[in-house]
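**Student:** need a 3D model of the following:
(2 chains)
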Number of protein chains: 2
Amino acid sequence: MGKVYAVGIGPGGAENLTGAARTALDAADCICGYTLYVELLRPLYPEKEVFSTGMTGEIERCRACLKRAQEGQTVALVCSGDAGVYGMAGPLLELLPEYPGAEVEVVPGVTAALSGGALLGAPLGHDFCVISLSDRLTDWALIEKRLRLAAEGDFVICLYNPASRHRADYLRKACDILLESRSPETLCGVARSIGREGECCELLTLGKLRDYPADMFCTVFVGSSQTREIAGRMVTPRGYHR
Amino acid sequence: MGKVYAVGIGPGGAENLTGAARTALDAADCICGYTLYVELLRPLYPEKEVFSTGMTGEIERCRACLKRAQEGQTVALVCSGDAGVYGMAGPLLELLPEYPGAEVEVVPGVTAALSGGALLGAPLGHDFCVISLSDRLTDWALIEKRLRLAAEGDFVICLYNPASRHRADYLRKACDILLESRSPETLCGVARSIGREGECCELLTLGKLRDYPADMFCTVFVGSSQTREIAGRMVTPRGYHR
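**Tutor:** Predicted coordinates:
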């Protein structure tokens, strides 16, 4: 009986893999994933079969993995960051009942909220929300509603997919919603190309974030009213008495 | 010039460490942390000096690490899960300006939302909130407000610190707030002792979660209206067309 490991590989290359992710990749007969992620791992496993599909072939990719598992193979389906956070673990499990005999095991990884947060400092030191600005699979009205409620709750907010070629103004639209209840001086941060060449980050205010030229390599953090800049880092205090 | 690495070690023992966390621990002259977490790592580093303080000595622990860094040592301050999510990275950075010459680097790890999510399936497949029910450092009124808004936004909600000896009824109070706007049939999950002896998880409804005997070893997941049980797992679909 075969198995698909849905493996979160963290940001960038090998150094962010967990031991459990390495164990799953070691055990796999083959590795599947979006081309960019598979290439990041190829130096570690030059001998393994890899197969890949384009960025939007998610369901096709899951079905290919489950079919191989049904035939007895052990397959690692790799995802950037965590396997469950907007990742392939969901669709794999949704399709699993159609492939009797196949198993799925989810191996977690360091999602961009955590790796980007570490780069910026400690923005997620208190309650937070993760919201994707991509409306490819979600109504924009629901995204707007969630942004509004997250701002009202003074959560730290981590925005995934803040922009793409077809959604150049989405971050601006999101900021305008947040600015309905949050100060333009709210501390924000952007982490870019986390764990890859060109990795960098910067701090800015919510007022300035509105005009920030975000792209698909960015993860965006909007602080709570308590978030402060300390020693050049973005920090949300939990409230310990010093 | 010395340095403190704030290292997220993930849940449980060595297998959930990332490569970057291993590199930081390898480089450290000494390892500091809450006794339980330090003991999980001791088999990996039997030769290293370790020092430790009790559960509530967070500030004391941070100061001890920063002082050693100021004296030129490299110190790894280890945190369960991620270093930034309700972790020691925040207070370390808050105190850093008082210790000129010391540096702080944050090394992210797999927080319980991700590791518990993987154990349960893929509950975090869409937008989510992380909320701690501990009112040791946060007013309960703010926790209530955030629960109410997260429920209204139909976020998946991950609850940290759902109960302790002194807060036996907090999960029930939280469920009652969520039930104001969410169905008692909402799918929920509990992950317990993630990555450690006795690791287990179970699915139940929000109506049943209200009476669940949670303790400090539990991480609780409350699904969105879209979250479903599939093949015994908790899955929040992102909405791919199959």
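**Student:** quick one: neighbours of residue A:168, just the number.
**Tutor:** By the criterion of other C-beta atoms under 10 Å in any protein chain shown, residue A:168 has 12 neighbours. In short, each C-beta sits where N, CA and C put it, glycine included.
**Student:** any idea how far it lies from chain B?
**Tutor:** Computed as C-beta to the nearest C-beta, to the nearest Å, the residue A:168 to chain B distance reads 22 Å.
**Student:** in chain A, which spans are strands?
**Tutor:** If you assign secondary structure with DSSP state E, the strands in chain A sit at A:3-8, A:30-34, A:49-53, A:74-79, A:103-107, A:121-122, A:128-132, A:156-160, A:187-192, A:200-205, A:218-222, A:228-230, A:233-235.
**Student:** from those, which stretch is densest packed?
**Tutor:** For the strands of chain A, the stretch with the most neighbours on average is strand A:121-122, a mean of 32; neighbours defined as mean count of other C-beta atoms under 10 Å in any protein chain shown.
**Student:** could you list every helix and strand that that one packs against?
**Tutor:** Contact here means 3 or more C-beta pairs under 8 Å, 6 or more residues apart in numbering or on different chains; DSSP states H and E; on that basis strand A:121-122 packs against strand A:233-235, helix B:89-95.
**Student:** rank the strands of chain A by pLDDT, which is bottom?
**Tutor:** The stretch with the lowest mean pLDDT among the strands of chain A is strand A:49-53, which comes in at a mean of 86.
**Student:** outside of that one, which residues touch it?
**Tutor:** Contacts of strand A:49-53 with the rest of the structure, by C-beta atoms under 8 Å, 6 or more residues apart in numbering or on different chains, involve A:29, A:30, A:31, A:32, A:33, A:34, A:35, A:38, A:42, A:60, A:61, A:64.
**Student:** how near is the second one to chain B?
**Tutor:** So that's residue A:30. Counting by C-beta to the nearest C-beta, the separation of residue A:30 from chain B is 21 Å.
**Student:** quick one: residues contacting that residue.
**Tutor:** A:48, A:49, A:50, A:51, A:68, A:73, A:75, A:76.
**Student:** pick the one among these closest to chain B.
**Tutor:** Of all the contacts of residue A:30, residue A:76 has the smallest distance to chain B: 14.2 Å, by C-beta to the nearest C-beta.
**Student:** could you check the pLDDT of the nearest residue to residue A:181 once chain neighbours are set aside?
**Tutor:** Once flanking residues are discounted, residue A:181 sits nearest to residue A:151: 4.7 Å by C-beta to C-beta, 6 or more residues apart in numbering or on different chains. Each residue has a pLDDT score; the one for residue A:151 is 98.
**Student:** now do residue A:54
**Tutor:** At residue A:54, the predicted lDDT confidence score is 65.
**Student:** just to revisit the earlier point, quick one: the helices and strands packed on strand A:121-122 as TSV, columns for distance to residue B:116 too.
**Tutor:** Output for the helices and strands packed on strand A:121-122, formatted as TSV (distance: least, C-beta to C-beta, whole Å):
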stretch	distance to residue B:116
strand A:233-235	26
helix B:89-95	20
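**Student:** between these, which gets nearest to residue B:2?
**Tutor:** For residue B:2, the closest of the helices and strands packed on strand A:121-122 is helix B:89-95, at 13.1 Å, according to C-beta to C-beta.
**Student:** before we move on, the earlier item: same list (the strands of chain A) but as CSV, adding distance to residue B:203.
**Tutor:** Rendered in CSV, the data for these read as follows (distance: least, C-beta to C-beta, whole Å):
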stretch, distance to residue B:203
strand A:3-8, 19
strand A:30-34, 28
strand A:49-53, 31
strand A:74-79, 23
strand A:103-107, 15
strand A:121-122, 33
strand A:128-132, 22
strand A:156-160, 26
strand A:187-192, 34
strand A:200-205, 38
strand A:218-222, 30
strand A:228-230, 40
strand A:233-235, 36
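**Student:** low-confidence ranges, chain A, go.
**Tutor:** Per-residue confidence of chain A (counting by pLDDT under 70) places the weak regions at A:54-56, A:242.
**Student:** how does it look with 90?
**Tutor:** Along chain A, the model assigns pLDDT under 90 to residues A:1, A:12-15, A:34-42, A:51-58, A:136-137, A:164-168, A:238-242.
**Student:** please export the C-alpha coordinates of stretch A:4-17 as CSV.
**Tutor:** As requested, the backbone C-alpha atoms of stretch A:4-17 are provided in CSV (Å, rounded to 0.1, in the frame of the first residue of the first chain):
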residue,chain,number,x,y,z
VAL,A,4,1.7,10.4,-0.2
TYR,A,5,3.6,12.6,2.1
ALA,A,6,2.4,16.2,1.9
VAL,A,7,5.7,17.8,2.9
GLY,A,8,6.1,21.5,3.9
ILE,A,9,9.6,22.4,3.0
GLY,A,10,9.7,25.8,4.6
PRO,A,11,11.0,28.9,2.8
GLY,A,12,13.9,28.5,0.4
GLY,A,13,16.2,25.6,0.3
ALA,A,14,17.4,22.7,2.5
GLU,A,15,18.3,24.6,5.7
ASN,A,16,14.7,25.1,6.6
LEU,A,17,13.6,21.5,6.2
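**Student:** sorry, back to before: need the max-distance pair from the contacts of strand A:49-53.
**Tutor:** Farthest apart among these by C-beta to C-beta are A:42 and A:60. That separation is 21.0 Å.
**Student:** what sits against the residue nearest to residue A:181?
**Tutor:** Residue A:151 makes contact with A:157, A:177, A:178, A:180, A:181, A:182 under the criterion C-beta under 8 Å, 6+ apart.
**Student:** of all the residues you listed, which comes closest to residue A:169?
**Tutor:** Of all the contacts of residue A:151, residue A:177 has the smallest distance to residue A:169: 12.7 Å, by C-beta to C-beta.
**Student:** where's stretch A:94-112 relative to the chain centroid, distance-wise?
**Tutor:** Relative to the mean C-alpha coordinate of its chain, stretch A:94-112 is positioned 17 Å out (C-alpha atoms, centre = their mean, to the nearest Å).
**Student:** now stretch A:1-15
**Tutor:** Centre-to-centre, stretch A:1-15 and its host chain are 14 Å apart (C-alpha atoms, centre = their mean).
**Student:** end to end, how far does that stretch reach?
**Tutor:** Taking C-alpha to C-alpha, to the nearest Å, the span from the opening residue of stretch A:1-15 to its closing residue is 31 Å.
**Student:** likewise for stretch A:203-211?
**Tutor:** Between the opening and closing residues of stretch A:203-211 we find a distance of 13 Å, counting by C-alpha to C-alpha.
**Student:** list the contacts of that stretch.
**Tutor:** Contacting residues not belonging to stretch A:203-211 are listed as A:120, A:171-172, A:175-176, A:178-179, A:182-190, A:212, A:220, A:222, A:229, A:232-234 [C-beta under 8 Å, 6+ apart].
**Student:** which ones, among those, also lie beside chain B?
**Tutor:** Filtering the contacts of stretch A:203-211 for neighbours of chain B using C-beta under 8 Å from any C-beta of the partner chain leaves residue A:233.
**Student:** neighbours around the closest residue to residue A:144 other than its chain neighbours, how many?
**Tutor:** Counting by C-beta to C-beta, 6+ apart, residue A:177 is the residue found nearest to residue A:144 once chain neighbours are left out, at 5.9 Å. Burial of residue A:177 is recorded as 17 neighbouring residues (other C-beta under 10 Å).
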